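[1] Structure for this input, please:
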Amino acid sequence: MALTMFGDFSDFADPFSLLRGHPSTRQVARRDRDGPRFGAMDIHEVDGGHEIVIDAPGLGKGDYKIDVTPENVLRVSGERTTSKSSGDDGKDAAEDGKGNGRVTRWQERTYTSFSRSVQLPAEADVKNIKANARDGVLTVNVPSTPRPEPMAVDVEHH
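    Numbers count the residues shown, from 1 in each chain. Sure, this is the predicted structure:
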């Protein structure tokens, strides 16, 4: 049973580019400096199916969208927005609970999103897929139905 991962290939880096001075060298170096990528995904084959694990720190249960297309493609996306919006005057729209406006002096936590698609095998039991979000990690369990055993077909003569 095989899963096929689709992506936009924007995170693909040629391992030999560092030796050739390829422009993607800067991209690799930046990723190492910035740490793990939001939406990084692992796929594990487990007894009875597959487990898909996606890193998405800061997302809650309602921040994910998970569906399966008629072509048996599992689509998982998530979105994190900032908790406030800032006006042109530099004051945030959010109040601090005391009726006072607050001014953002530094902001690194901003909007981010991810979208991942995985071609599920034919034996995936899509009606029983379960997802659990905990501590910034989304786990999607895809159970499998047993494959039918091969059977012989008798040929009749008329």
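
[2] Who is residue 132 paired with across the strands?
    Beta bridges link residue 132 to residue 139 when assigned by DSSP bridges.

[3] Same question for residue 41.
    The partner residues for residue 41, given DSSP bridges, come to residue 54.

[4] Run a quick neighbour tally on it.
    Residue 41 has 18 neighbouring residues, counting by other Cβ atoms under 10 Å. From N, CA and C alone the C-beta is placed, and that goes for glycine too.

[5] for it, what are its contacts?
    5, 52-55, 116 (Cβ atoms under 8 Å, 6 or more residues apart in numbering).

[6] Columns neighbour count on top of these, output as a markdown table?
    Listed next are these as a markdown table, based on neighbours: other Cβ atoms under 10 Å:
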| residue | neighbour count |
| --- | --- |
| 5 | 11 |
| 52 | 23 |
| 53 | 14 |
| 54 | 24 |
| 55 | 16 |
| 116 | 21 |
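
[7] could I get the residues you listed as JSON lines with distance to residue 41 and pLDDT?
    Shown next, in JSON lines, are those (distance: Cβ to Cβ, whole Å; pLDDT from 0 to 100):
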{"residue": "5", "distance to residue 41": "8", "pLDDT": "57"}
{"residue": "52", "distance to residue 41": "6", "pLDDT": "96"}
{"residue": "53", "distance to residue 41": "7", "pLDDT": "96"}
{"residue": "54", "distance to residue 41": "5", "pLDDT": "94"}
{"residue": "55", "distance to residue 41": "8", "pLDDT": "92"}
{"residue": "116", "distance to residue 41": "5", "pLDDT": "93"}
